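J.: Mind folding the following:
(2 chains)
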Amino acid sequence: MALPGVLFFAFFALAPMVLAFYLSFTRWNGLGDPQPAGLANWRKLLSDDRLGQSLTVTVALTAVSWAFQTVISLLLGVWAAGRQRNRAVLSAIFFVPFLLSSTAISLLFYALLDPNFGIIHRDTLGTTSGAFLAIVFVGGWQFIPFHTLIYQGGARQIPEVLYQAAAIDGAGRYRQFFSITLPQLRNTATTSSVLMIVGSLTYFETVLILTQGGPGTDTAILPYLMYEAGFKSYDFGYASAVASFLVLAATALSLLMVKLSGFGAMRSTREGM
Amino acid sequence: MESHSRRWFLGAGTVALASVGGLTACGSGSGSGADGTLTAFVYGDDAAKIQVKSVNRFNASAAAKKAKGTIKLQKVPATDYPAKLRTAMGSPNAPDVFFNWGGGSIKAYREAGQLVDLTDVIASDPVLKSGFLPSVLAAGGLDGKNYGVPMRGMQPVILFYNKSVFAEHKLQPPTTWDQLLDLNTKLKKANITPFALGGADIWPELMWLEYLVDRIGGPQVFEKIKNGDASAWGDPAVLKAAQTVKQLIDDGAFGKGYSSVGYGNGGAPAVFAKGKAAMHLMGSWEYSTQLGKFPDFAKKNLGWCAFPQIEGGAGDIRNVVGNPTNYWSVNAHTSNKDAAIAFLRDSASLAYTKELIANGDVPATANAATLLDASPNPEFAKFQYEMVQKAPAFTLSWDQAVDPNVATPMLTEVNKLFVGKSSPAQFVAALKELK
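T.: Numbering: from 1, shown residues only, chains lettered A, B, ... in the order given. Sure thing, here's the model as predicted:
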């Protein structure tokens, strides 16, 4: 019965990947047949200054977004795990941004960041740090609700007895948070972080709409580089090389995270209980 | 269960094969049906209504009967147009006739042998030969050959100014660069940004370099670049133009936030219409943009003039940059070339010209001059027509004139210059590397 799933995966995921990998060894502008190009695209990729720059931007964006989103969703999630009625209502409202499309959100913020008619009368998107922080903020605005939900679920699973015992021992709220809530949320944090980090590698619409990789090339992350090569320059061979590189990098990163985090081991969080 | 799986497998296999066939089959045929219907792709904005009428008129005409073909128009959503056309031209569903920007936008199609060379057709056809302004007809071609027939209004880049701001501060539109710098100083003193600029879209920044290189070095500088000589970026005029841009920026000519102001989202036109900026270098479509968004401003206070002369520069003040117009080209794999060419002749007709004028466009047809009184704004229409008619040279917008794989990094370099990420010298060095 796994056959349909395997076929779907083969057809919609593996086949395009193999095709892209094949195209990365060709020269093709979308017209006629792809012409063999040997390693030309890969050589160009590895000597392209923009690869290093976009990797740096991608890593920085991932790291800052991770920190920003994790801190806020953790606090919101733990808060929202309480049982009061108003929290349920507020949690539902918090979740709204996640339901909007990234494109709509990006267009909204693009208008809000207009220096003449927006909310901040400054050249935000035209400066490197402004553009970078805008992307982090808009991404956070969209995805924090989702991660809040994950943390809320995680926090609700923590047995009440742990807190009762801690209260008897005289632990205050902060002590309870750092000694019980945080450690108990370890696996939740891993799940949420893996989603954030892998997601940030395919982050695209926000950059396309807010900054188009600018100012200059300062926010041109890898997926944007791929888009630009393919759909603006019609250099599908080079775009495929970038895409293949992205697949390799993402796979390596995922494997590394699973290994380092012990995500695959699925240890119990309630050792000793 | 087993038989179910097998059926499923066969079905899926067929779907997979069909899709792979669609992916890999390369453009050997075109989308023409067996009944003689040809497909035409057009940029699907408001102005496409004129092409709809043209197609209807042609399909009912004797010319269509004689050529045994009719046209079916397909309106492609505007922003997707270049990518959609590229995909379609590489597939079995390629259009027979298609809208384009001439120059670099059709270079790849010519190299792939997908364009009909219209040079002889036009030369031997009085309607097409004398139907259009020669400079506009030529600008759509490549290496002296014609691959397209003009089919929309002209789009020269014009220096627009706000008449009420100029009147209030007793200023005159500039004809020389010194006058422009003088205006700059006076406007800044009055706390008005001299020039609106939609820098977030990058192409409005490019317009400045196009005009500056023309005025400093003459049109032949870019002509060489367009013909594939990347070393021509090393012409001193390019460096001088980049330095001039840098001076303008440092001088505050574009205000502070220009690199996060867009044109497409209405940012720069609003800054200009509301008097926060006094001038705006933009394509002729600025008039209809303003008419749509700020009709009062467009009717009463919108002024226009040519880009000023630069003292000691080689370029004529009458030279124009921009998009001469848009063109119809014919797919070399069309099943009925006669019908396609017969359809192109409608774009030179009186009826077609009148429709363009009524839409506020200024056609590139030779007969347009006498008809411009019927335009919604005859004064602006005549200015534009004469500007193009009298221009010794009409340089196609750089990003349309060169191949897309050069245009994309070129726009990135332009943006880096405008946001101060590269110096004029670095800008020139980077452009020389483009090929």
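
J.: where does the stretch 51-200 of chain A come near chain B, residue by residue?
T.: Contacts of the stretch 51-200 of chain A with chain B, taken as CB under 8 Å from any CB of the partner chain, map to A:110-111, A:113-117, A:121-127, A:130. For the C-beta atoms, the positions are set from N, CA and C on the backbone; glycine is no exception.

J.: Would you mind writing the ChimeraX command to select the buried ones in the residues you listed?
T.: Selecting only the buried entries of these in ChimeraX, with 16 or more other CB atoms under 10 Å in any protein chain shown as the criterion:
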select /A:110,113,114,115,116,123,124,125,126,127,130
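
J.: Centre of the chain to stretch B:253-260, how far?
T.: 24 Å (CA atoms, centre = their mean, to the nearest Å).

J.: Could I get the buried residue list for it?
T.: Applying 16+ other CB under 10 Å to stretch B:253-260 flags B:253-255, B:257-260 as buried.

J.: One more: stretch B:366-384?
T.: Using 16+ other CB under 10 Å as the burial criterion, the residues of stretch B:366-384 that qualify are B:366, B:368, B:371-372, B:375, B:377, B:380-384.

J.: Pick the one among those residues closest to chain A.
T.: Using CB to the nearest CB, B:Phe380 comes nearest to chain A of the buried residues of stretch B:366-384, at 25.9 Å.

J.: Now do B:Ala407 against chain A, distance only.
T.: According to CB to the nearest CB, to the nearest Å, B:Ala407 stands 8 Å off from chain A.

J.: got it, and B:Trp233?
T.: 18 Å.

J.: Could you list which residues are in contact with that residue?
T.: Counting by CB atoms under 8 Å, 6 or more residues apart in numbering or on different chains, B:Trp233 touches B:225, B:428, B:431-432, B:434.

J.: B:Leu142 too?
T.: Each residue near B:Leu142 by CB under 8 Å, 6+ apart is listed here: B:103, B:106-107, B:110.

J.: Among these, which lie within helices?
T.: B:106-107, B:110 (DSSP state H).

J.: which residues are in contact with stretch A:225-241?
T.: A:20-30, A:34, A:37, A:40-42, A:44-45, A:50-51, A:54, A:204, A:208, A:213, A:220, A:242-243, A:246, B:83, B:86, B:108, B:404-405, B:407-409.

J.: give me the low-pLDDT residue ranges for the chain?
T.: All of this refers to chain A. A:1, A:262-273 (pLDDT under 70).

J.: was after chain B, sorry
T.: B:1-35.

J.: hmm, back to that, show me which of the contacts of B:Trp233 is closest to A:Ala252.
T.: B:Leu434 (32.5 Å; CB to CB).

J.: Let me know the distance separating the closest residue to the closest one other than its chain neighbours from A:Phe204.
T.: Leaving aside its chain neighbours, B:Leu434 sits nearest to B:Val406 (5.1 Å; criterion: CB to CB, 6 or more residues apart in numbering or on different chains). Distance of B:Val406 to A:Phe204, given as CB to CB, to the nearest Å: 24 Å.

J.: quick one, which of those two is more surrounded?
T.: B:Val406 (22 against 16; other CB atoms under 10 Å in any protein chain shown).

J.: where along the stretch 51-200 of chain B do the helices fall?
T.: For the stretch 51-200 of chain B, applying DSSP state H, counting those that start in this stretch gives helices covering B:62-67, B:81-89, B:104-111, B:119-123, B:126-129, B:134-139, B:163-168, B:177-189.

J.: B:Leu350: which of those is closest?
T.: That would be helix B:126-129 among the helices of the stretch 51-200 of chain B, by CB to CB, at 11.0 Å.

J.: how much space between the residue nearest to B:Val261 when sequence neighbours are not counted and A:Thr206?
T.: Excluding the flanking residues, the one nearest B:Val261 by CB to CB, 6+ apart is B:Gly267, at 4.2 Å. Here B:Gly267 is placed at a distance of 19 Å from A:Thr206 (CB to CB).

J.: give the contact list for B:Asp45.
T.: Applying CB under 8 Å, 6+ apart to B:Asp45 gives the contacts B:Ala78.

J.: residue ranges for the strands of the stretch 1-150 of chain B, please.
T.: B:37-43, B:70-76, B:97-100, B:149-150 (DSSP state E, counting those that start in this stretch).

J.: The second one pairs with which strands, parallel or anti?
T.: Translated: strand B:70-76. Here strand B:70-76 is paired, per DSSP bridges, with strand B:37-43 (parallel).

J.: For the residue minimising distance to the centre of chain B, name its beta-bridge partners.
T.: Central residue of chain B (CA atoms, centre = their mean): B:Asn323, 3.8 Å from the mean position. With DSSP bridges as the criterion, B:Asn323 is bridged to B:Gln155.

J.: for it, what are its contacts?
T.: B:101, B:154-155, B:283, B:396-397, B:400.

J.: pretty sure B:Ser329 contacts B:Asn146?
T.: No. Counting by CB atoms under 8 Å, B:Ser329 does not reach B:Asn146; the two are 9.6 Å apart.

J.: who's more crowded, those two?
T.: Comparing B:Ser329 with B:Asn146 by other CB under 10 Å, the one with more neighbours is B:Ser329, at 27 against 23.

J.: Just the element for the more buried one, please.
T.: Here B:Ser329 sits within strand B:327-330, counting by DSSP states H and E.

J.: and that strand, which strands flank it?
T.: In its sheet, and by DSSP bridges, strand B:327-330 pairs with strand B:97-100 (antiparallel), strand B:149-150 (antiparallel).

J.: got the CA coordinates for the longest one in PDB?
T.: As requested, C-alpha coordinates have been extracted for strand B:97-100 and formatted as PDB (Å, rounded to 0.1, in the frame of the first residue of the first chain):
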ATOM      1  CA  VAL B  97       2.300  35.900 -33.400                       C
ATOM      2  CA  PHE B  98       3.600  37.500 -30.200                       C
ATOM      3  CA  PHE B  99       3.900  40.800 -28.500                       C
ATOM      4  CA  ASN B 100       7.500  41.800 -27.500                       C
END
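
J.: that older thread, so of the strands of the stretch 1-150 of chain B, which one's packed in deepest?
T.: strand B:149-150 (a mean of 26; mean count of other CB atoms under 10 Å in any protein chain shown).

J.: and that strand, how far out from the chain's middle?
T.: For strand B:149-150, the distance to the chain centre is 13 Å (CA atoms, centre = their mean).

J.: Show me what that strand is in contact with.
T.: Contact with strand B:149-150 is made by B:118, B:122, B:128, B:132, B:136-137, B:140, B:324-329, B:344, B:347-348, B:363-365, as judged by CB under 8 Å, 6+ apart.

J.: Of the buried residues of stretch B:366-384, which belong to helices?
T.: Those of these mapping onto helices are B:380-384, per DSSP H.

J.: Kindly export stretch B:149-157 (C-alpha atoms) in CSV.
T.: Taking Å, rounded to 0.1, in the frame of the first residue of the first chain, the C-alpha atoms of stretch B:149-157 are listed here in CSV:
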residue,chain,number,x,y,z
VAL,B,149,6.0,45.5,-36.6
PRO,B,150,5.1,48.4,-34.2
MET,B,151,1.7,47.8,-32.5
ARG,B,152,1.4,50.1,-29.5
GLY,B,153,2.0,53.6,-28.4
MET,B,154,5.5,55.2,-28.1
GLN,B,155,7.1,55.3,-24.7
PRO,B,156,9.9,57.9,-24.6
VAL,B,157,11.4,58.8,-21.2
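
J.: Fine by me, thanks again.
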